[in-house]
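Enquirer: Sequence first, predicted model second:
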Amino acid sequence: MIDLGFRTVERGGGDAVVECDVTAATANALGTLHGGVIATLVDEAGTEAIRSTDRDGRRGVTTDLNVSYFAAAPVGTTVRAEARTLKIGKTLAFVEVDLRGEGGKLLAQGRMTKYMPA
């Protein structure tokens, strides 16, 4: 497994922030953050947000994930995935994630649904 260098820098109350440095290991052929890494950041930050408010701290299993890409993040920069839990039910949890670049520029947005087994 490749270490993508994700760092959870905030977590609590249904929110989480995960940061990642854009390096050659996380870049695509154009030298910007790979879309698959962005999707993985949405999943990781969303999971941390859900766990921070779920009474049992369940990780769950992703059943749906979508990402809209708006702008690129070049190698040498840091991105920040800001996740907010929308709802946790008995078996499903919903979260939204904004991915921001340096200066707070919105790079991508994602939504995720997790199945939360008992």
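Expert: The structure has been received and is ready for your questions.

Enquirer: Could you list the low-confidence segments of this structure?
Expert: The model of the chain has pLDDT under 70 over residues 1.

Enquirer: which residues does the closest residue to L41 other than its chain neighbours contact?
Expert: Residue nearest to L41 in three dimensions, not counting chain neighbours: A81, with 4.4 Å by CB to CB, 6 or more residues apart in numbering. The way it works is simple: take the backbone N, C-alpha and C, and place the C-beta from them, glycine included. For A81, the contacting residues are V17, V18, E19, C20, L41, V42, E44, A45, V97, D98, L99, R100, by CB atoms under 8 Å, 6 or more residues apart in numbering.

Enquirer: my guess is the last one contacts L107, does it?
Expert: Yes - the pair R100 and L107 qualifies as a contact (CB atoms under 8 Å) at a distance of 6.3 Å.

Enquirer: any residues in contact with both of those two?
Expert: Joint contacts of R100 and L107 (CB under 8 Å, 6+ apart) are V79.

Enquirer: how about the contacts of A81, which pair is most distant?
Expert: E44 and R100 (15.3 Å; CB to CB).

Enquirer: In space, what's closest to the spatially most central residue of the chain - neighbours in sequence excluded?
Expert: Nearest to the geometric centre of the chain sits V42, at 2.3 Å (CA atoms, centre = their mean). Spatially, and ignoring its direct neighbours in sequence, V42 is nearest to G110 (3.4 Å; CB to CB, 6+ apart).

Enquirer: Show me what that neighbour is bridged to.
Expert: Per DSSP bridges, the residues bridged to G110 are V67, V97.

Enquirer: In contact with it: list those residues for me.
Expert: Residues near G110 by CB under 8 Å, 6+ apart: I38, A39, V42, G46, L65, N66, V67, S68, E96, V97, L99.

Enquirer: what do you get if the cut-off is 6 Å, keeping everything else the same?
Expert: G110 makes contact with V42, V67, V97, according to CB atoms under 6 Å, 6 or more residues apart in numbering.
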